[in-house]
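Enquirer: Predicted model, plus sequence, below.
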Amino acid sequence: MNKRVKMMGLLLLLVISISLQAQETVAEDTAGLMRSNGKIYVVVAVVVTILLGLFAYVFNLDRKISKLEKNS
């Protein structure tokens, strides 16, 4: 039983690694296409804007919670 579980785990890891390698080449092609069109900068700008907004929201929420804790 134990040997069977190990073999199934090894097979699962092998299948996962093969699928990840296949996706890597597609991602490189897509990134190369986006770089050649100049759209990668738009994507990076949108991601950075979203992250900055999330950080600002969390910072503001932390300040409000701290103020409420002090008042209680």
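Expert: Happy to help now that I have it.

Enquirer: average pLDDT across whichever helix or strand residue 55 is part of?
Expert: Using DSSP states H and E, residue 55 sits within helix 40-71. Across helix 40-71, the average pLDDT comes to 92.

Enquirer: Just list what it packs against, helices and strands only.
Expert: If you count contacts as 3 or more Cβ pairs under 8 Å, 6 or more residues apart in numbering; DSSP states H and E, helix 40-71 packs onto helix 2-37. Bear in mind the C-beta positions are built from the backbone N, C-alpha and C, glycine included.

Enquirer: what's the angle between the helix it packs on and helix 40-71?
Expert: Relative orientation of helix 2-37 versus helix 40-71 (axes from the mean of the first three to the mean of the last three Cα atoms, to 10 degrees): 110 degrees.

Enquirer: Can you give the distance from helix 2-37 to the centre of its chain?
Expert: How far helix 2-37 lies from its chain's middle: 16 Å, per Cα atoms, centre = their mean, to the nearest Å.

Enquirer: quick one: the closest residue to residue 40 other than its chain neighbours and residue 42, what's the gap?
Expert: Counting by Cβ to Cβ, 6 or more residues apart in numbering, residue 40 lies nearest to residue 34, which is 4.3 Å off, once chain neighbours are set aside. Going from residue 34 to residue 42 by Cβ to Cβ, to the nearest Å gives 9 Å.

Enquirer: So for the two, which sits in the more crowded spot?
Expert: Each of residue 34 and residue 42 has its neighbours counted (other Cβ atoms under 10 Å); residue 34 has more, 15 against 11.

Enquirer: Isn't that one up against residue 43?
Expert: Yes. The criterion here is Cβ atoms under 8 Å, and residue 34 meets it with residue 43 at 6.8 Å.
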